[in-house]
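**Q** Following is a predicted model, sequence given first.
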Amino acid sequence: MSNSGISDVKWSSRKTIIAAVLVVACSFLMACLIPESMRGSSSYGIFSVIPAVFLIAYIFFTKRIFEALILASLMGYIMIGPMDAVNSFSTGILDVMMSEDIAWLIIVCGLMGSVIAMVEKAGGAWAFGEWVAKKAKTRTSVLIWTWVLGIVIFLDDYLNALVIGSCMSPLCDKHKEPREFLSFIVDSTAAPACVLIPISTWGVFCGRLLEANGWAPHGEGLAYFIKTIPFNFYAWIGILIVPFFIFNIIKPFGPMKKAYERVANGGPIVPEGSEKVDIRGGRPIMEHENARIVNFFIPILSLIFFAMIPVFKSKSVGDLDMQLGVICTLAVCFVLYLAQGVMTAGEYWECFIGGLKNMLNSILLMILAFLFADMNEKIGFTYYMIHTAERFMTPQLMPLVIFVILSITEFVTGTNWGMYIIALPIVIPLAMDMGVNVALAVSAVVSAGVFGSHICFYSDATVITSAATGCDNFAHAKTQVPYGLLAAAITMVMYLIAGFIF
């Protein structure tokens, strides 16, 4: 079994215990080697890389992401203070759980699971599938519809992935498309669309950071972010490369090819272990004889409308409120579905609780990823990576070096916005001092965030996409990595050329 946290036959319980004991013991021995001058500092130097290397190696060897995140986080906290490691670990979890970001994530993602469950129970998802099926009768047209809808819903990447992934998976199943490929399309149009269309949560967030870090004048952050859009090479390539795979101009390769072979040989469309992360709990969408398309469109349009209410008031898309949107949508569903008699009050609350349960696995994974990122921030992993890269930088090579180093950093930490907060205050002044085109340097940071989160096994982009499409997050990330690396290789060439031209 290939999954996030459940044991498989190749990795016995006894081996797990032995591995955990060895990791803890080695961590205490390593902590003794850390110079006293580093303790409590903003960077632990080369030691800050060790938890990251261990994490990646453990995931690839065992395919157990929950376990890997816990052990890697504990390793870091032992490095910070060997005698207080358990308390630091406990405090770290508490700090993460009390953070506004995690509270928002639990509410929004959990309740989105409830909304999806209700739309399915009411027949809305089935009706939408039938409606699209009349317009998209072939495998290619269904995949193109998925790609286009992913670009159209550009306001927020979570909204994009959750809506498109959950709605299009039944149609792709009809055409025997492995869920891994659907996940690839959804992931490739969520964050990339948000960084290429400035009236999105990503555009506004980055714009504010540009103001805070002294490049953009006050009130002009979004205008300065627009200057980076032509140079957001990974986002452009990530979106535009998808049709090449859909039309088989580029044939499936690597693990994705094996996924297609699995389906072609009569194997399951959905990779093993996916029911644990599926927003629908691994259940197929039920057929409804009298399903109505309004039972799909009214909740989805309500979600967008109510989330946009703060935007209408402030005239700033940065005030998009997904939490308000999803709460109001649940109220709309209550009135809409009970008034039609498509479900009882008891069934409504069963869907409410069931949808929340279906998201628990994904939410826990993201909480552990935030814990690992919090530990990395304390030992200065990102800071060390950037300042190590400075010795290789020339004005011409800076965009390329930034993209490569921060892609590695993001792949390890899995928190794109968190990486932006740490990296931009370093990169912007450095670019100004070296005479580098600041828009080009900033775009390298933004592109690295998108790429790193795409290929990270536990990033929010991977986890949310996996939940929405019903595809095991390890299988999704594993099959997407070669495709992401292809886009990244093209991106690196473009940053190298742009560095000399601009």
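**A** Thanks, I have it.
**Q** and residue 18, how many neighbours does it have?
**A** 11 (other CB atoms under 10 Å). Backbone N, C-alpha and C define where each C-beta goes, glycine included.
**Q** Contacts only, for it.
**A** For residue 18, the contact set (CB atoms under 8 Å, 6 or more residues apart in numbering) is empty.
**Q** for it, phi and psi?
**A** phi -60, psi -40 (degrees, to the nearest 10).
**Q** Could I get the pLDDT score of it?
**A** Note on residue 18: pLDDT of 84.
**Q** Ok, residue 454 next?
**A** 85.
**Q** Which residue ranges of the stretch 201-350 of the chain form helices?
**A** Under the criterion DSSP state H, counting those that start in this stretch, the stretch 201-350 of the chain contains helices at 201-212, 221-228, 233-240, 242-246, 255-264, 294-314, 322-340, 345-379.
**Q** Check which residues of the fourth one are buried.
**A** Right, the one you point to is helix 242-246. Within helix 242-246, the residues that count as buried by 16 or more other CB atoms under 10 Å are 242, 243, 245, 246.
**Q** Which residue, other than its chain neighbours, is closest to residue 356?
**A** Of all residues not flanking residue 356 in the chain, residue 110 sits nearest, at 4.8 Å (CB to CB, 6 or more residues apart in numbering).
**Q** OK, contacts around the one you found?
**A** Contacts of residue 110 (CB under 8 Å, 6+ apart): 355, 356, 359, 360, 363.
**Q** for residue 457, same thing?
**A** Contacts of residue 457 by CB under 8 Å, 6+ apart are 59, 65, 473, 474, 477, 478.
**Q** how close does it sit to residue 387?
**A** Noted for residue 457: a distance of 27 Å to residue 387, by CB to CB, to the nearest Å.
**Q** what do you get for residue 454?
**A** Counting by CB to CB, the gap from residue 454 to residue 387 is 25 Å.
**Q** What does the pLDDT read for residue 447?
**A** 94.
**Q** could you give the angle of the host helix or strand of it to helix 233-240?
**A** Residue 447 is part of helix 438-455 when elements are defined by DSSP states H and E. Counting by axes from the mean of the first three to the mean of the last three CA atoms, to 10 degrees, helix 438-455 points 50 degrees away from the direction of helix 233-240.
**Q** Put together a markdown table for the contacts of residue 457, with distance to residue 251 on each row.
**A** Converted to a markdown table, those look like this (distance: CB to CB, whole Å):
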| residue | distance to residue 251 |
| --- | --- |
| 59 | 28 |
| 65 | 29 |
| 473 | 25 |
| 474 | 23 |
| 477 | 21 |
| 478 | 18 |
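**Q** and which of the residues you listed is nearest to residue 427?
**A** residue 477 (26.4 Å; CB to CB).
**Q** export the buried residues of helix 242-246 to TSV and tack on pLDDT and distance to residue 304?
**A** Shown next, in TSV, are those (pLDDT from 0 to 100; distance: CB to CB, whole Å):
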residue	pLDDT	distance to residue 304
242	94	23
243	95	26
245	93	29
246	93	26
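**Q** Between all of the residues you listed, which two are at the greatest distance?
**A** Every pair of those checked by CB to CB; the farthest is 243 and 245, at 7.3 Å.
**Q** Outside of stretch 475-482 itself, list whatever touches it.
**A** Contacts of stretch 475-482 (CB under 8 Å, 6+ apart): 2, 179-181, 183-184, 187, 253-256, 259, 271, 273-274, 454-457, 462, 465-466, 469.
**Q** that older thread, and the helices of the stretch 201-350 of the chain: which comes nearest residue 441?
**A** Using CB to CB, these put helix 221-228 closest to residue 441, at 9.0 Å.
**Q** And for that closest one, what's in contact with it?
**A** Contacts of helix 221-228 (CB under 8 Å, 6+ apart): 198, 203-204, 206-211, 215-216, 439-440, 442-443, 446.
**Q** Can you list the buried residues in stretch 433-443?
**A** 436, 437, 438, 439, 440, 441, 442, 443.
**Q** Pick out whichever of the residues you listed sits closest to residue 128.
**A** After measuring those against residue 128 - CB to CB - the closest member comes out as residue 443, at 36.1 Å.
**Q** before we move on, the earlier item: mark which of the contacts of stretch 475-482 are buried, thanks.
**A** For the contacts of stretch 475-482, buried by 16+ other CB under 10 Å: 179-181, 183-184, 187, 255-256, 259, 271, 273-274, 454-457, 462, 465-466, 469.
**Q** Would you enumerate the residues in contact with residue 255?
**A** Counting by CB under 8 Å, 6+ apart, residue 255 has contacts 180, 475, 478, 479, 481, 482.
**Q** quick one, phi/psi of residue 292?
**A** Main-chain torsions, residue 292, degrees, to the nearest 10: phi -110, psi 130.
**Q** so how far is residue 354 from it?
**A** For residue 292 relative to residue 354 (CB to CB), the value is 22 Å.
**Q** swap in residue 276?
**A** 14 Å.
**Q** Please verify my assumption that residue 462 contacts residue 456.
**A** Yes: counting by CB atoms under 8 Å, residue 462 does reach residue 456; the two are 6.0 Å apart.
**Q** Now for those two: what residues contact both?
**A** Between them, residue 462 and residue 456 share the contacting residues 414, 477, judged by CB under 8 Å, 6+ apart.
**Q** Could you point out which of the helices of the stretch 201-350 of the chain sits nearest residue 143?
**A** Of all the helices of the stretch 201-350 of the chain, helix 242-246 comes closest under CB to CB, at 4.5 Å.
**Q** Does the closest one pack against any helices or strands, and if so which?
**A** Here helix 242-246 touches helix 139-152, helix 179-189, going by 3 or more CB pairs under 8 Å, 6 or more residues apart in numbering; DSSP states H and E.
**Q** and among those helices, the most buried is which?
**A** helix 179-189 (a mean of 28; mean count of other CB atoms under 10 Å).
**Q** Could you identify the helix or strand that succeeds that one?
**A** helix 191-196.
**Q** residues in contact with that next one?
**A** 150-151, 153-157, 160, 200-203, 206, 229, 232, 234-236, 238-239, 416, 446-447, 450, 453-454, 461.
**Q** What ranges in the stretch 251-400 of the chain fall below the confidence cut-off?
**A** 281-289, 315-318 (pLDDT under 70).
**Q** between the helix or strand hosting residue 55 and helix 345-379, how many degrees?
**A** Here residue 55 sits within helix 50-62, counting by DSSP H and E. Angle, helix 50-62 to helix 345-379, by the same axes, to 10 degrees: 130 degrees.
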